[in-house]
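1. Next come a sequence and a model predicted from it.
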Amino acid sequence: MILTCPSCATRYQTDAAKFPPEGRQVRCAKCGNVWHQDAAVADAPGSEAPLPQTTPEAPVAVAAPAPIPAPVRAAPAPRASTAPSQPKPRRPLLPLLAVALGWIGLIAVVLLIGLSAVRYRQEITVIWPQSAGVYSSLGMNVNAHGIDFTDVDYHRESEDGQVVLAVTGRIVNKGNRELPVPQNVRVTLSDASNHELYHWNFAPGIQTLKAGQSGAFHTRLSNPPATARHLEVRFAKDDK
């Protein structure tokens, strides 16, 4: 039995016994057209037999797609270590204590020197007279000679009808060793406004004094200024 596709006129040889009386659907294997084929036409002599539903074609082998390579990931950057940092080793206590004691000792030495310079300023100025200016700038009165005056007093007397000013006192050695006594002592008289009115010099008559020793002195002036109100006794500046 021969069947002809009404779409593409392709002819097929088939077995008529495969068609039932009511006919069946057939499909062209070439163009895929589907039509209903009557059994009567398929059974008629010389006619085209119906084409049975052909079995599906064997699947065509398709090459498997090449596997997609997995993306190459960059190696992660090494993370900073989260482990707690090790504490720095502590310095030994003994060296620190030694440094602290050294500073304390230095401060103590400086304070001791300062206190000694104040306490023994009189002796220092005797040995080093130039230091008297430093002490004076600090408001500390010193005597560069190491010899000073004490118990100074004065009074007016009448002698042969004249007024006489008598000045008395003591000279003391404030140093810690025997010292020579300057032989030029000046007495200055000033008025109520501390303006100098008159001065005179005299020799005390004491040559040396041992440490802590003192000696008396006295001097007199005839007809002193009537307006004199203040009296000062000191060693003359030109005496060395």
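-> Nice, thanks for sending it over.
2. Show me the strands in the chain, by range?
-> In the chain, the segments counted as strands under DSSP state E are 2-4, 11-13, 24-27, 34-37, 147-159, 162-173, 179-180, 185-190, 196-202, 208-209, 214-222, 230-235.
3. Return the mean pLDDT over the fourth one, rounded to an integer.
-> Think strand 34-37. For strand 34-37, mean pLDDT is 84.
4. which outside residues touch that strand?
-> Strand 34-37 has contacts (CB atoms under 8 Å, 6 or more residues apart in numbering) with 3, 5-7, 19, 23-28, 50-51. For the C-beta atoms, the positions are set from N, CA and C on the backbone; glycine is no exception.
5. Return, as residue ranges, the portions of this protein with sub-threshold pLDDT.
-> Along the chain, the parts satisfying pLDDT under 70 run over 40-92, 122-123, 126-127, 129-130, 132-133, 141-145, 238-240.
6. pull the longest helix from it.
-> Secondary structure of the chain per DSSP state H: the longest helix is helix 93-119.
7. Residue 170 and residue 151 touch, don't they?
-> Yes: using CB atoms under 8 Å, residue 170 is in contact with residue 151, at 5.0 Å.
8. returning to what we had before: could I get the strands of the chain as CSV with distance to residue 105?
-> Formatted as CSV, these follow (distance: least, CB to CB, whole Å):
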stretch, distance to residue 105
strand 2-4, 129
strand 11-13, 126
strand 24-27, 119
strand 34-37, 120
strand 147-159, 36
strand 162-173, 36
strand 179-180, 35
strand 185-190, 46
strand 196-202, 51
strand 208-209, 39
strand 214-222, 41
strand 230-235, 41
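9. Output the contacts of strand 34-37 in a markdown table; the columns should cover distance to residue 39 and neighbour count.
-> Output for the contacts of strand 34-37, formatted as a markdown table (distance: CB to CB, whole Å; neighbours: other CB atoms under 10 Å):
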| residue | distance to residue 39 | neighbour count |
| --- | --- | --- |
| 3 | 12 | 24 |
| 5 | 18 | 20 |
| 6 | 17 | 11 |
| 7 | 21 | 13 |
| 19 | 4 | 24 |
| 23 | 5 | 15 |
| 24 | 8 | 16 |
| 25 | 12 | 12 |
| 26 | 11 | 22 |
| 27 | 17 | 15 |
| 28 | 19 | 20 |
| 50 | 7 | 28 |
| 51 | 12 | 27 |
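10. hang on, the earlier thing: and the longest helix of the chain, what does it pack onto?
-> On a contact count with 3 or more CB pairs under 8 Å, 6 or more residues apart in numbering; DSSP states H and E, helix 93-119 meets no helix or strand.
11. Can you give the domain ranges for this structure?
-> 2-43, 147-235 (automatic domain parsing).
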